[in-house]
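[1] Quick check, what structure comes out for this input:
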Amino acid sequence: MRFQSARTRVVGMGGMKFLCVLALSAFGVLLIASYADSCNEYVCASIVSKCLLTQSCKCDLKNCTCCKDCFSCLSNLYSECCSCLDLCPKPNDTKTPKKSHLDEFEGIPGLFDALAGEADEDKWTTFTFPVDFDSLLTGSKVEKDIKYYLHSNEQNVDVALKEREDIVTYNCTVVYINQCLSWNKCRQNCQSMGASSCRWFHDGCCECVGSKCINYGINESRCSACPEEDDILDDIPIDDLDYGDEMGPYDGTIDNTNF
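    Prediction:
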């Protein structure tokens, strides 16, 4: 009986922690959603949260007393994420295709990291950015549906830091294949690179996703040489998009997604 009572208390505390994390996640998503047309939550949530907590970006364009510190804090993600903080003009909405097919693999993280770390501009483009996970909810394999964490400027910094004690930050790496590929070729390429998952956009762009990413990487088509011509694929059925490669047995079998 004594063991059961202790177990009940532990489960209860875990449940409360889980509910708190869900509440924080929902708040973060709602906050960053206000910038949805110009701010990429997949890429920017972790670094923006860090810069808000350190108050490195606590100003605006009219009184840009923090701009130098904010530039330093956002570092190489400044151009990508400054609009999340209203510290730069909002970029034009490029309306990149977001319909995509997804797949998961066992993955070989060491192989993927080694290949992604080698510059090969003729074949692919590598993009790395930080993502946050709650260590109490993350097992040996990084869950794909863990939400992002973002705090407002007005939130008490001490409270925010306390809430983030169990949050671990990893670097998510994705690789965009330059040329257009079929769905089957995308799977084959990503699997041979050791990727843990892949995302194939309906414009032919292929994204290979590393093991420390959530929500299958970035939901944006960023392949440098794909699509080859704007809007040329709009009226072509998905099953006919082979890019010179016949559709394999897995093509067209996974539901379309808008994650």
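[2] Just the element for residue 120, please.
    For residue 120, there is no host helix or strand (DSSP states H and E).
[3] Near it, how many residues? Count them for me, please.
    Counted with other CB atoms under 10 Å, residues neighbouring residue 120 total 12. C-betas here are computed from N, CA, C, even on glycine.
[4] before we move on, what about residue 219?
    Applying other CB under 10 Å, I find that residue 219 has 20 neighbouring residues.
[5] Now residue 49. Its backbone dihedrals?
    According to degrees, to the nearest 10, the main-chain angles of residue 49 amount to phi -60, psi -40.
[6] Quick one, grab the pLDDT at it.
    Turning to residue 49, the model gives it a pLDDT of 86.
[7] And for residue 193?
    95.
[8] Could you report the distance from residue 223 to residue 176?
    Per CB to CB, to the nearest Å, residue 223 is found 5 Å from residue 176.
[9] Show me the strands in the stretch 101-250 of the chain, by range?
    Assigned by DSSP state E, counting those that start in this stretch, the stretch 101-250 of the chain shows strands spanning 124-134, 167-177, 197-201, 206-209.
[10] Would you convert these into a markdown table that also reports mean neighbour count and distance to residue 84?
    Shown next, in a markdown table, are those (neighbours: other CB atoms under 10 Å; distance: least, CB to CB, whole Å):
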| stretch | mean neighbour count | distance to residue 84 |
| --- | --- | --- |
| strand 124-134 | 20 | 13 |
| strand 167-177 | 20 | 17 |
| strand 197-201 | 26 | 22 |
| strand 206-209 | 29 | 22 |
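[11] just so I know, which of those lies nearest residue 113?
    Proximity to residue 113 (CB to CB) singles out strand 167-177 among the strands of the stretch 101-250 of the chain, at 6.9 Å.
[12] Who are the packing partners of the closest one?
    With contacts taken as 3 or more CB pairs under 8 Å, 6 or more residues apart in numbering; DSSP states H and E, strand 167-177 sits against helix 109-116, strand 124-134, helix 183-192, strand 206-209.
[13] Was I right to think residue 67 contacts residue 87?
    Yes. Using CB atoms under 8 Å, residue 67 is in contact with residue 87, at 6.4 Å.
[14] residues shared between the contacts of these two?
    residue 59 (CB atoms under 8 Å, 6 or more residues apart in numbering).
[15] More neighbours: which of these two?
    Per other CB under 10 Å, whichever of residue 67 and residue 87 has more neighbours is residue 87, with 20 against 17.
[16] Assumed the more buried one was part of a helix.
    No. Using DSSP: H, G, I helix; E, B strand; the rest coil, the assignment for residue 87 is coil, not a helix.
[17] Thanks a lot, see you next time.
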